[in-house]
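Enquirer: 3D model of this:
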Amino acid sequence: MSTARHETPYELGASRTLWELVERRAALTPDAPVLIQAAADPADDRTLTFGALRERAERVAAGLYGMGVRPGTVVAWQLPTRVETAVLSFALARLGAVQSPVIPFYREREVGFALRESEAEFFAVPGVWRGFDHTRMARRLGAKGVFEAYGDLPDADPAALPPPPSEGTSVRWIYWTSGTTSDPKGVLHTDRSLLAGGSCLAHALRLTAADVGSMAFPYAHIAGPDYTVMLLLYGFPAVMFEHFALPDALDGYRRHGVTVAGGSTAFYSMFLAEQRKLPPGEKVIPTLRLLAGGGAPKPPEIYHAVVREMGCRLTHGYGMTEVPMITMGDPDDTAENLATTEGRPPAGMEIRVTGTDGEVLPPGTDGEIRLRGEAVCQGYLDPAQNAPAFDTDGFLITGDLGHLTPSGHLVLTGRAKDIIIRKGENISAKEIEDLLHRHPAVADAAVVGLPDPERGERVCAVVEQRPGTPVLTLDEVTSYLRGEGLATHKLPEQLEVVEALPRNETLRKVLKYKLRERVSPARGR
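Expert: Model (predicted):
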């Protein structure tokens with residue numbers, strides 16, 4: 001038996017390119033499943049093995065090559081979470097093309113911007129998907145090289161292909177930030193930065209070949225390659241959900257024996273809501289042992305509720321489009337650390353917490369978080385955006401606030417723009433949100449600052465209520481927060497009860513800019 005078949009996940013993580021990782025995993029376990037497409041009808045479920053992934057991706061790469069795609073060609077794709085999407089993406093990685101994934105829920109403004117800025121020469125779309133004609137939109141936008149890649153993919157003999165890329169440090173990925181307050185930013189990644197992020201995630205979660213994962217988020221999100229790298233390193237499959245909605249998706253989790261699920265805090269809450277519909281002792285997903293995710297703040301109460309009611313572990317991490325994996329909770333860490341921190345950074349990820357003038361602050365002191373390491377992006381497509389984003393030592397300036405504990409765990413306390421300045425005093429929105437999540441009538445909460453002529457900004461709490469609970473009042477909320485020990489100057493001066501907080505379509509983060517647009521500053525105390 002060759003030594004290659006004894007490679008460990010850590011050795012596989014040293015692959016120079018994503019395609020090299022595909023080839024090495026396919027040589028190790030060609031017949032093991034990697035992707036399982038969950039369908040509404042179980043008879044329509046489909047499974048792809050590691051060996052088949054390599055073979056199909058090579059044939060698709062040859063088909064793309066016949067269309068004119070070459071190393072360095074920019075190919076945008078706006079496709080749902082499907083086996084075909086992963087195959088197309090790895091086919092482009094085999095060619096060494098530059099990929100520009102676009103979230104399938106984006107429309108003319110975001111898609112047109114991404115196509116123009118990336119100067120994409122080809123654009124793969126799903127045709128009509130969930131009632132929307134993506135091909136027609138692409139034509140309206142004047143996109144080049146439009147082709148549909150929902151079921152049928154380009155196919156040809158791989159014999160004509162050039163050699164695969166031999167290095168992974170060239171920019172081959174353009175990911176797009178959400179653009180919630182302005183035009184999106186094009187974030188530049190290499191194969192090596194995505195490999196580094198996925199490797200860190202995989203090793204932190206301590207998964208094995210016996211696990212079954214799940215992808216309930218858009219594959220076009222930065223989490224797509226992050227998660228797929230984890231599958232390739234450890235040799236286990238993931239169930240793909242083209243459209244994630246509960247309770248409908250639960251059957252797919254159950255019949256495929258998913259052991260690891262997650263996405264973000266909103267996903268944890270949705271699973272909890274389904275768990276609470278069942279009799280005591282009955283698990284919503286019997287095989288589930290771990291919820292894991294990131295991308296949005298995690299109130300400690302959510303952690304404790306998941307562990308207590310769902311009977312599984314929960315590990316939460318910190319990542320962003322610019323750096324897909326920064327820290328991750330260790331499943332074997334203490335409950336206190338798992339509930340109140342984002343975990344620790346992996347080897348190779350440097351975290352600095354700095355003051356306003358850039359000085360490094362000691363553990364326990366809040367400041368701005370800055371990052372340096374192999375998983376950090378190469379900058380932005382617009383070079384003018386690089387100077388304000390990186391300091392003179394090459395650290396990415398995140399705009400997130402927090403501190404490191406003496407044990408090296410990271411605690412996030414908010415974003416610089418989430419600091420409310422009321423009468424000259426800084427107030428953390430996250431501190432108030434965490435307390436509101438403990439209230440028995442609150443299902444979810446967000447806190448924003450609104451313009452106020454006397455105070456500068458006023459504190460406004462926006463909450464979703466649990467079904468069947470009495471309507472909350474401002475007096476009741478402020479009384480509750482006083483009882484929890486919140487300082488008087490931090491108490492909300494306005495309360496809005498909404499049916500649903502506005503969220504994005506990727507990891508379902510709360511869109512605070514939409515809250516500020518929706519909530520009238522004229523109301524309140």
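Enquirer: make it CA atoms for all contacts and neighbour counts henceforth
Expert: OK.
Enquirer: Just give me the longest helix of the protein.
Expert: When the chain is parsed with DSSP state H, its longest helix is helix 50-67.
Enquirer: what about that helix, distance to the chain center?
Expert: 27 Å (C-alpha atoms, centre = their mean, to the nearest Å).
Enquirer: for that helix, packing partners?
Expert: helix 18-28, helix 83-95 (3 or more C-alpha pairs under 8 Å, 6 or more residues apart in numbering; DSSP states H and E).
Enquirer: Looking at these, which is nearest to residue 345?
Expert: helix 18-28 (22.6 Å; C-alpha to C-alpha).
Enquirer: And stretch 280-294, end to end?
Expert: The straight-line separation of the ends of stretch 280-294 (C-alpha to C-alpha, to the nearest Å) is 28 Å.
Enquirer: What are the contacting residues of it?
Expert: With contacts defined as C-alpha atoms under 8 Å, 6 or more residues apart in numbering, stretch 280-294 is touched by 250, 253-254, 257-265, 268, 271, 274-275, 278, 310-319.
Enquirer: Give me the PyMOL select line for those residues, limited to the buried ones.
Expert: In PyMOL, a selection of the buried entries from those looks like this (16 or more other C-alpha atoms under 10 Å):
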select buried, resi 250+253+257+258+259+260+261+262+263+264+265+268+271+274+275+310+311+312+313+314+315+316+317+318+319
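Enquirer: Narrow the contacts of stretch 280-294 to those in helices?
Expert: Among the contacts of stretch 280-294, DSSP H puts 250, 253-254, 265, 268, 271, 274-275 in helices.
Enquirer: Need the winner for burial among the helices and strands packed on helix 50-67.
Expert: helix 83-95 (a mean of 24; mean count of other C-alpha atoms under 10 Å).
Enquirer: Now do the following helix or strand past that one: which elements does it pack against?
Expert: Using DSSP states H and E, the helix or strand that directly follows helix 83-95 along the chain is strand 98-101. In terms of contacts (3+ C-alpha pairs under 8 Å, 6+ apart), strand 98-101 is packed against strand 74-77, helix 83-95, strand 171-176.
Enquirer: mind running it again at 7 Å?
Expert: Counting contacts by 3 or more C-alpha pairs under 7 Å, 6 or more residues apart in numbering; DSSP states H and E, strand 98-101 is packed against strand 74-77, strand 171-176.
Enquirer: What lies in contact with the lowest-mean-pLDDT helix or strand in the chain?
Expert: Lowest by mean pLDDT, DSSP states H and E among the helices and strands of the chain is strand 425-428, with a mean of 75. Residues outside strand 425-428 that contact it (C-alpha atoms under 7 Å, 6 or more residues apart in numbering) are 413-414, 418-421, 490.
Enquirer: For that strand, which strands pair with it and how are they oriented?
Expert: Taking DSSP bridges as the criterion, strand 425-428 forms sheet pairs with strand 419-422 (antiparallel).
Enquirer: from the chain's centre, how far out does the strand it pairs with sit?
Expert: Distance, centroid of strand 419-422 to centroid of chain: 28 Å (C-alpha atoms, centre = their mean).
Enquirer: before we move on, back to that, of all pairs in the ones in helices among the contacts of stretch 280-294, which one is the farthest apart?
Expert: The widest separation within these (C-alpha to C-alpha) is 21.0 Å, between 254 and 265.
Enquirer: Quick check: mean pLDDT of stretch 445-465?
Expert: On average, the pLDDT along stretch 445-465 is 86.
Enquirer: Check which residues of it are buried.
Expert: Applying 16+ other C-alpha under 10 Å to stretch 445-465 flags 445-451, 457-465 as buried.
Enquirer: hang on, residue 313 packs against residue 307?
Expert: Yes. Shown here, residue 313 and residue 307 form a contact pair, counting by C-alpha atoms under 7 Å, at 5.7 Å.
Enquirer: What residues does residue 329 make contact with?
Expert: Contacts of residue 329 by C-alpha under 7 Å, 6+ apart are 315-317, 338, 342-344.
Enquirer: hmm, back to that, quick one: the ones in helices among the contacts of stretch 280-294 as JSON lines, columns for pLDDT too.
Expert: Converted to JSON lines, the ones in helices among the contacts of stretch 280-294 look like this (pLDDT from 0 to 100):
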{"residue": "250", "pLDDT": "97"}
{"residue": "253", "pLDDT": "98"}
{"residue": "254", "pLDDT": "98"}
{"residue": "265", "pLDDT": "83"}
{"residue": "268", "pLDDT": "91"}
{"residue": "271", "pLDDT": "95"}
{"residue": "274", "pLDDT": "96"}
{"residue": "275", "pLDDT": "97"}
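Enquirer: nearest to residue 76, of these?
Expert: Nearest to residue 76 among the ones in helices among the contacts of stretch 280-294, with distances taken as C-alpha to C-alpha, is residue 265, at 29.2 Å.
Enquirer: Which helix or which strand is home to the residue nearest to that closest one when sequence neighbours are not counted?
Expert: Closest residue to residue 265 apart from its sequence neighbours, by C-alpha to C-alpha, 6 or more residues apart in numbering: residue 298 at 5.7 Å. Using DSSP H and E, residue 298 falls within no helix or strand.
Enquirer: Residue 298 contacts residue 266, correct?
Expert: No. Look at residue 298 against residue 266 with C-alpha under 7 Å: they stay out of range, at 9.1 Å.
Enquirer: Below-threshold pLDDT in the stretch 351-500 of the chain: ranges please.
Expert: 424-425, 454 (pLDDT under 70).
Enquirer: Now do the helices in it.
Expert: Ranges of helices in the stretch 351-500 of the chain, per DSSP state H, counting those that start in this stretch, are 429-436, 474-483.
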